[in-house]
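In: predicted model and sequence follow; I will ask about them next.
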Amino acid sequence: MINEPTKILLIEDNQSDALAIKIMLESAEFSFILEKADTLKSGLKILTEKQVNIILLDLGLPDSKGLDTFIKVHDEYPDVPVVMYTGLEDEDLAVKALQKGAQDYLVKGKVDSRLLVRAIKYSIERHRLRVELKRMSAELEKSETRFHSLIDRSSDGILIVDNEGIIQYVNPAAEKIFCKESKELIDKKFEFSFESGETKMIDIPRGKNEMGKAEMRVMQTELRGSTFYIVDLKDMTEIVEHVEEKKMLREMTLRDELTGLYNRRGFYTHAEQLIKVSKRNKESVILFFIDVDNLKSINDTYSHQAGDDALVDTTSIIKKTFRESDIIARFGGDEFVILARLVKKSIGDKLANRFKRNLNLHNRKNIRPYKLSLSLGLAQGGPKLGISIDELLKKADESMYEQKEEKKEKL
């Protein structure tokens with residue numbers, strides 16, 4: 001029945017994420033029935049008892065984790081479309097799941113109601129189309145008219161490409177994706193490389209200085225005794241632009257307005273990722289803690305603009321010293337922190353010496369009415385020593401204050 005509600009099975013053990021999904025679904029233009037399971041076992045039990053239209057599946061469940069979670073569901077219920085609902089660390093696994101038959105994946109914390117509803121709607125439609133295409137390909141000689149009618153109605157762009165890579169058929173949705181009429185595409189070489197069964201993102205030129213994005217999936221079939229390829233294109237342009245806009249807005253909240261460096265929140269966000277990479281590679285890390293000496297005195301004596309200049313100058317010195325791969329942040333009013341991978345033991349000393357040299361070069365230029373003084377402390381962590389950002393910050397801060405006290409004793 002057309003008005004029958006969409007039956008959705010959510011297999012997710014995190015109650016907060018499950019509630020977020022339910023709230024987002026309430027804005028859908030279609031009615032739905034949401035079944036919830038917090039383990040793979042209970043989810044499979046529901047599937048044996050009830051018919052569902054789509055499964056929203058978390059990859060990290062109490063009784064199953066990783067790609068096996070999807071495989072177990074897909075092997076038992078191949079006729080039910082599956083959308084992955086994953087955390088950031090699961091994105092690689094989600095892509096592998098797509099290659100094995102999943103319809104889509106959504107990343108926790110990066111999806112809103114519009115994207116969720118769209119993913120569900122198109123995944124059901126795409127799955128139904130692909131099931132029908134597989135069934136029909138066996139009897140295509142007898143039902144070619146029905147086949148073309150089916151793909152003409154598809155919201156996905158579909159092209160039929162021959163064994164030489166020449167486009168033989170284009171549906172209306174594909175015309176829209178390429179911004180070209182079928183007569184401009186048919187009998188032309190399909191410009192994108194592909195293999196049967198693969199899934200990948202492609203960039204599609206759309207006139208001057210405009211580029212579209214599409215997810216391409218390819219299926220091999222036999223038509224009139226010859227090998228052809230059905231190229232299925234899902235237009236991702238709007239979704240990618242939406243995600244990029246959200247990334248840009250998120251990045252703005254992680255940056256310090258004056259220096260352009262990461263702020264405290266940005267530091268912790270990116271430092272966690274660097275720590276994970278270092279642990280995986282069994283590498284050490286080193287944290288530098290830099291403090292601008294006498295910043296209050298500069299503000300009081302020369303103006304707050306002069307204080308801002310001191311912070312900007314410090315930023316310039318730090319950028320000249322450290323590498324693009326290092327996490328650099330303005331941690332507080334006059335405090336800066338840098339987290340770096342210690343791929344060689346000598347790197348820590350080299351960076352510290354380069355920092356002192358760049359500071360001296362800056363002061364020799366005499367561009368300010370005051371001499372810029374910076375105190376530096378550092379702390380090292382590694383697989384054997386343990387890696388904790390807060391502990392490294394504490395040790396580096398203590399090291400920096402020791403240097404600051406030594407300066408005072410020399411005065």
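Out: Good, I have the coordinates.

In: every contact and neighbour count from this point should use C-alpha atoms.
Out: Noted.

In: what segments of the stretch 251-400 of the chain are helices?
Out: 264-280, 295-302, 304-321, 347-364, 389-410 (DSSP state H, counting those that start in this stretch).

In: now render these as JSON lines, adding distance to Ser113, mean neighbour count and mean pLDDT.
Out: Below are these laid out as JSON lines (distance: least, C-alpha to C-alpha, whole Å; neighbours: other C-alpha atoms under 10 Å; pLDDT from 0 to 100):
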{"stretch": "helix 264-280", "distance to Ser113": "25", "mean neighbour count": "16", "mean pLDDT": "85"}
{"stretch": "helix 295-302", "distance to Ser113": "47", "mean neighbour count": "15", "mean pLDDT": "92"}
{"stretch": "helix 304-321", "distance to Ser113": "40", "mean neighbour count": "18", "mean pLDDT": "94"}
{"stretch": "helix 347-364", "distance to Ser113": "47", "mean neighbour count": "15", "mean pLDDT": "91"}
{"stretch": "helix 389-410", "distance to Ser113": "35", "mean neighbour count": "15", "mean pLDDT": "86"}
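
In: ok, and the closest non-adjacent residue to Gly101?
Out: Nearest in space to Gly101, with sequence neighbours left out and distances taken as C-alpha to C-alpha, 6 or more residues apart in numbering, is His74 at 7.7 Å.

In: residues in contact with that neighbour?
Out: Applying C-alpha atoms under 8 Å, 6 or more residues apart in numbering to His74 gives the contacts 80, 82, 101.

In: most neighbours of all the residues you listed, which one?
Out: Neighbour count (other C-alpha atoms under 10 Å) singles out Val82 as the most crowded of the contacts of His74, with 28 neighbours.

In: is it true that it touches Val52?
Out: No: contact criterion C-alpha atoms under 8 Å: Val82 and Val52 do not qualify, at 10.7 Å.

In: okay, and the helix or strand of the protein with the least pLDDT?
Out: Within the chain, confidence by mean pLDDT, DSSP states H and E is lowest for helix 237-253 among all helices and strands, at a mean of 60.

In: name the element Tyr169 belongs to?
Out: strand 167-170 (DSSP states H and E).

In: any chance of the backbone angles for the nearest residue to Val312 once chain neighbours are set aside?
Out: Using C-alpha to C-alpha, 6+ apart and skipping the chain neighbours, the partner closest in space to Val312 is Thr259 (5.8 Å). With angles defined as degrees, to the nearest 10, Thr259 sits at phi -100, psi -20.

In: neighbours of Thr259, how many?
Out: Quick note: Thr259 (other C-alpha under 10 Å) scores 18 neighbours.

In: any chance of the helices of the stretch 251-400 of the chain in JSON lines with distance to Lys176 as columns?
Out: Putting the helices of the stretch 251-400 of the chain into JSON lines (distance: least, C-alpha to C-alpha, whole Å) gives the following:
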{"stretch": "helix 264-280", "distance to Lys176": "39"}
{"stretch": "helix 295-302", "distance to Lys176": "59"}
{"stretch": "helix 304-321", "distance to Lys176": "46"}
{"stretch": "helix 347-364", "distance to Lys176": "53"}
{"stretch": "helix 389-410", "distance to Lys176": "50"}
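
In: nearest to Phe192, out of those?
Out: helix 264-280 (33.4 Å; C-alpha to C-alpha).

In: what angle do the closest one and helix 389-410 make?
Out: Interaxial angle of helix 264-280 relative to helix 389-410 (axes from the mean of the first three to the mean of the last three C-alpha atoms, to 10 degrees): 110 degrees.

In: tell me the helices and strands packed up against the lengthiest helix in the chain.
Out: Across the chain, the longest stretch assigned as helix under DSSP state H is helix 113-137. Under the contact criterion of 3 or more C-alpha pairs under 8 Å, 6 or more residues apart in numbering; DSSP states H and E, helix 113-137 touches helix 15-25, strand 82-86, strand 104-107, helix 144-153, strand 211-223.

In: least confident of the ones you listed, on average?
Out: Lowest mean pLDDT within the helices and strands packed on helix 113-137: helix 144-153, at a mean of 69.

In: how far away is the nearest residue to Lys108 once chain neighbours are set aside from Val73?
Out: Among residues not flanking Lys108 along the chain, Gly87 sits closest, at 5.2 Å (C-alpha to C-alpha, 6+ apart). From Gly87 across to Val73, the span is 19 Å (C-alpha to C-alpha, to the nearest Å).

In: can you give the strand pairings for the strand holding Tyr169, parallel or anti for each?
Out: strand 157-162 (antiparallel) (DSSP bridges).

In: can you give me the angle the partner strand makes with strand 211-223?
Out: Using the same axes, to 10 degrees: strand 157-162 against strand 211-223 is 50 degrees.

In: quick revisit: in a helix, the residue nearest to Gly101, correct?
Out: Yes: using DSSP: H, G, I helix; E, B strand; the rest coil, the assignment for His74 is a helix.

In: who's more crowded, Gly87 and Val73?
Out: Val73 (19 against 16).
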